[in-house]
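[1] Give me coordinates for this.
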Amino acid sequence: MKIIILLVIIGLGILIYYLFFRKKMALLIIDVQNDFCPGGTLAVTDGDSIIEPTNKLIRLFQSNKKIVIYSRDWHPLGTTHFKCDENPDGWPVHCVGGTKGAEFKNGLIVPLNANIVSKGMGNGENAYSAFDPGARISGMDLNTFLKNKRVDTLLVCGLATDYCVKDTVLDAKKLGYNVIVVQECIRAVNIEPNDGEKAIAEMKNAGAIIPEKIF
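    All right, here's what the predicted structure looks like:
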């Protein structure tokens, strides 16, 4: 119990430092969409369990007038990102732009004027990372958007740990951002049983801060 309390204190301390003493921080929420949650076509186990703690972060950032950004897969129906003759190892059809499956999961706080990064919009684009060159937010790529807002630190959560979260975090580190990943607010696909753990280790090795506990 003492260890858990200590981990929570450390995690909160990191969050408070970056939130209140770093003026250039944004919350980046990755792909919390219907098709990635239970009942969806590419569901992540317990994917919807991150919504409550993620909403706490959204409220915290909103109350401190910090930027909140939501990424989403927004695929065309005919993309070779999906399983097809050209790509027999592709993914099941998911998050087709304009469909119910591509909508943000019910219960997630998403304001009407939300900052949204749409990715995977081209035929054949995997676009796991929100920093993918083809991804767009307000008509520009995410890196340009963040630079314009003078953001240098990202708090990252969402789905899935071993794909879109990992690739986004690795790209963010390559681009020079400070990155904190909230473990309570990520879940893995785990095609192989340890994929999520391997992704966390890879993000840590790249320089991301991943506290055990924040809440």
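[2] in the protein, which spans are strands?
    25-30, 67-73, 115-119, 153-159, 178-187 (DSSP state E).
[3] Of the ones you listed, which is nearest Asp141?
    Shortest distance between Asp141 and these, using Cβ to Cβ, is found for strand 115-119: 8.8 Å. From N, CA and C alone the C-beta is placed, and that goes for glycine too.
[4] Work out the gap between the closest one and the centre of the chain.
    Relative to its chain's centre, strand 115-119 lies at 11 Å (Cα atoms, centre = their mean, to the nearest Å).
[5] Next, count neighbours for Trp74.
    21 (other Cβ atoms under 10 Å).
[6] Quick one: residues contacting it.
    By Cβ atoms under 8 Å, 6 or more residues apart in numbering, the contact set of Trp74 is Cys95, Gly97, Ala102, Ser118, Lys119, Gly120, Met121.
[7] Please tell me how far it sits from Asp132.
    Remark: distance between Trp74 and Asp132 (Cβ to Cβ, to the nearest Å) = 11 Å.
[8] and for the two, which residues touch both?
    Shared contacts of Trp74 and Asp132, defined by Cβ under 8 Å, 6+ apart, comprise Lys119, Gly120.
[9] now the helices for this protein?
    Applying DSSP state H to the chain gives helices spanning 2-16, 51-63, 142-148, 166-174, 195-205.
[10] contact partners of the fourth one?
    Taking contacts as Cβ under 8 Å, 6+ apart, the residues outside helix 166-174 that touch it are 28, 30, 71, 128-131, 154, 156, 179, 181, 199, 202-203, 206-208.
[11] how much space is there between Cys84 and Asn126?
    For Cys84, the distance to Asn126 - Cβ to Cβ - is 14 Å.
[12] same deal with Leu155?
    The value you get for Leu155 to Asn126, if Cβ to Cβ is used, is 24 Å.
[13] re the thing from before, any of the contacts of helix 166-174 buried? List them.
    Buried members of those, counted by 16 or more other Cβ atoms under 10 Å: 28, 30, 71, 128-131, 154, 156, 179, 181, 199, 203, 208.
[14] what bits of this structure have low per-residue confidence?
    The model of the chain has pLDDT under 70 over residues 1-23.
[15] sorry, back to before: okay, Cys84 and Asn126: which has more neighbours?
    More neighbours surround Asn126 than the other of Cys84 and Asn126, with 19 against 12 (other Cβ under 10 Å).
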